[in-house]
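**Q** I need the structure of the sequence given here:
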Amino acid sequence: MNPELRELFEIKQDDEKNNQPTNQNVTTHIITRLALIIFGTLGFVIAMTQAKGWDALGYFFFMMIFHAVWLLFIIIETIFLQGSGKVKLRNVNLVFISVLLIIYGIGSGVFLGRP
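**A** Numbers count the residues shown, from 1 in each chain. Below you'll find the predicted structure:
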């Protein structure tokens, strides 16, 4: 092989190695996502317990909207993480999406299954 082509090929291989994301801190990713959803939910639950009349139902609807926006954010972030090649963080987001959808499914089955 031509030495010039070999040098060009080695430079291309070095560039591919540099594009690999190495700083995928999974623990901070998990902690920040969980902290946001837990503190948001606790805030709405506290507001619902202190509300009177129909206000509690309004806070419940706002909490549902908060959870939907959070889920949408996680889905969009998963798409961007897939594009940037951060597979570990993408998998964490997929687990979040799965667990949240299972919890929502169980909750809707419990509430809709009652006569």
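**Q** ok, and for the helix or strand hosting residue 71, which residues are buried?
**A** Using DSSP states H and E, residue 71 sits within helix 55-84. Using 16 or more other Cβ atoms under 10 Å as the test for burial, helix 55-84 gives 59, 63, 66, 67, 70, 71, 74, 77, 78, 81. Just so you know, the C-beta spots here come from the backbone N, C-alpha and C atoms, and that holds for glycine as well.
**Q** Which elements pack onto it?
**A** Applying 3 or more Cβ pairs under 8 Å, 6 or more residues apart in numbering; DSSP states H and E, we find helix 55-84 packed against helix 26-50, helix 87-113.
**Q** now it and helix 26-50, what's the angle there?
**A** Here helix 55-84 runs at 170 degrees with respect to helix 26-50, directions being taken by axes from the mean of the first three to the mean of the last three Cα atoms, to 10 degrees.
**Q** pLDDT on helix 55-84, on average?
**A** For helix 55-84, the mean per-residue pLDDT is 94.
**Q** and if you look at stretch 29-39?
**A** Here the average pLDDT along stretch 29-39 is 94.
**Q** Let me see the residues that make contact with it.
**A** For stretch 29-39, contacts defined as Cβ atoms under 8 Å, 6 or more residues apart in numbering pick out 67, 70, 74, 89, 92, 93, 96.
**Q** how about it: buried residues?
**A** Of all the residues in stretch 29-39, those buried under the rule 16+ other Cβ under 10 Å are 29, 33, 37.
**Q** which one of those is nearest residue 109?
**A** residue 37 (20.9 Å; Cβ to Cβ).
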